[in-house]
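Colleague: Here is my input, please return the structure:
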Amino acid sequence: MPAWGIAAIVIGVVVLDVVVVFGIVVPAIVRGSWGALAARFPAVEAGQGAIRREFQSFKFGLLNLGWSVHVEVDDGYLHLRPALMARLMGCRAMSVPWDEVRATGARFLGNRSAMIGMTKISGPAWCLDLAAGGSGGG
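Modeller: Okay, the predicted model is just below:
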């Protein structure tokens, strides 16, 4: 087989892999984690005096959104707004009431684990500390 034939096969396999991963696997992971929560907790406006930090990292089950989430916290909600790349993956904004967020672990390297419903999340301790009764503002 000529070299160009082998190159064409390799390129075809790589293109097929990209199509499968970004066309089937990623949307399924987004729908099963972030998407399910966003449907359950539609976005609302943040309250007066909300603390906001942009480009934070969160993990929702298998979905890892490094530096892809804008966060606002107020007395009632954890507001999560996806940055551009996360929006392109199909993530929508959500506002989760604090009584639905259960801290499940201690701080570790500036992060904290929590549960929202049956979905395990990990994110910045500064905001998830509110679910554990901390100050959240630091």
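Colleague: neighbouring contacts of the helix or strand of the chain with the lowest mean pLDDT?
Modeller: Of all regular secondary-structure elements in the chain, judged by mean pLDDT, DSSP states H and E, the least confident is helix 26-30 with a mean of 79. Contacts to helix 26-30, defined as C-beta atoms under 8 Å, 6 or more residues apart in numbering, come from residues 61-63, 89-91. C-beta coordinates here come from the backbone N, C-alpha and C atoms, glycine included.
Colleague: Drop anything exposed from those.
Modeller: Buried residues within those, defined by neighbour count using 16 or more other C-beta atoms under 10 Å: 61, 63, 89, 91.
Colleague: where along this protein do the strands fall?
Modeller: Using DSSP state E, the strands of the chain run over residues 51-60, 63-73, 77-82, 94-97, 101-103, 111-116, 119-124.
Colleague: Run me through the strand neighbours of the last one, direction for each.
Modeller: Strand pairing for strand 119-124, using DSSP bridges, gives strand 51-60 (antiparallel), strand 111-116 (antiparallel).
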